[in-house]
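A.B. asks: Show me the folded form of this:
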Amino acid sequence: MRDIIDGIADIDSVLEIRKDWAPGIITSFIRIEGKPVGVVANNPGHLSGAIDSPGADKGSRFIQLCDAFDIPILSLIDCPGIMVGPESEKTALIRHAARMFVVGANIETPLMSVVIRKAYGLGAQAMAGGSFKIPLFTVTWPTGEFGGMGLEGAVKLGYRKELEAIKDPKERIKVYEKMVADSYHRGRAVNMASHFELDDVIDPAETRTWISGALKSLPPKTRTGKRRPNIDTW
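C.D. replies: Numbering: from 1, shown residues only. Okay, here's the model as predicted:
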């Protein structure tokens, strides 16, 4: 993910902050054609990019910081969802993850979203300000995968009775694998865009062009002076 950020940004313009804390979320200031942009991105190298409590706090506060100084935000999404499991729940994960939705709903600075690969469940929605309809644009690379949750688990839950009704174990596995494959096909980037859930499927090489074009199209600021909303403490 950091290589992607380097490729999008102007040369030698990336300033990553809090790199060693909450490694599941990457927060950086960059410039694109000289214009400042705040980047919040999933790190698939940590928990496969799932959002945990520290990551949710890190992302939320960074978004508030960008909003406070009218810095446009770029969200790079590669997220299998919000982290699950007993250990995660002990960290009050729902409360921390909900903070991303509350912050996203209250920002006034422009938000742009690019899906790099995984975009599952509420985790992907949180990265996009609460909905793919919220950002100035939401585009995806051809590698994008979409679903309400991890597709293997979704098939096991949604088709449990049908699968249990198949007595032959080999046949059950065969049917299960076909269901999963069909789910991946339905969740492909092109299929999602064809249902107008996204603005476009783009060539990765065009990512910087899309962002630059959006920054140039933004209306001039009407505010006099800088807005200083509350930025949460840690």
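A.B. asks: Run the chain-centre distance for the longest helix seen in the chain.
C.D. replies: Looking across the chain with DSSP state H, the single longest helix is helix 169-186. Distance of helix 169-186 from its chain centroid, counting by C-alpha atoms, centre = their mean, to the nearest Å, is 27 Å.
A.B. asks: and that helix, average pLDDT?
C.D. replies: For helix 169-186, mean pLDDT rounds to 87.
A.B. asks: which residues sit against stretch 140-153?
C.D. replies: The contact list for stretch 140-153 (C-beta atoms under 8 Å, 6 or more residues apart in numbering) reads 80-81, 114-121, 124, 154, 180, 183-184, 187-190, 192-193, 197-198, 200-204, 207. In this view, the C-beta of every residue, glycine as well, is placed from N, C-alpha and C.
A.B. asks: Out of these, which sit inside strands?
C.D. replies: 114-120, 200-201 (DSSP state E).
A.B. asks: Tell me the helices and strands packed up against the longest helix of the chain.
C.D. replies: helix 151-158, helix 160-164 (3 or more C-beta pairs under 8 Å, 6 or more residues apart in numbering; DSSP states H and E).
A.B. asks: Which of the residues in the longest one are classified as buried?
C.D. replies: The reference is to helix 151-158. Within helix 151-158, the residues scored as buried using 16 or more other C-beta atoms under 10 Å are 151, 154-155.
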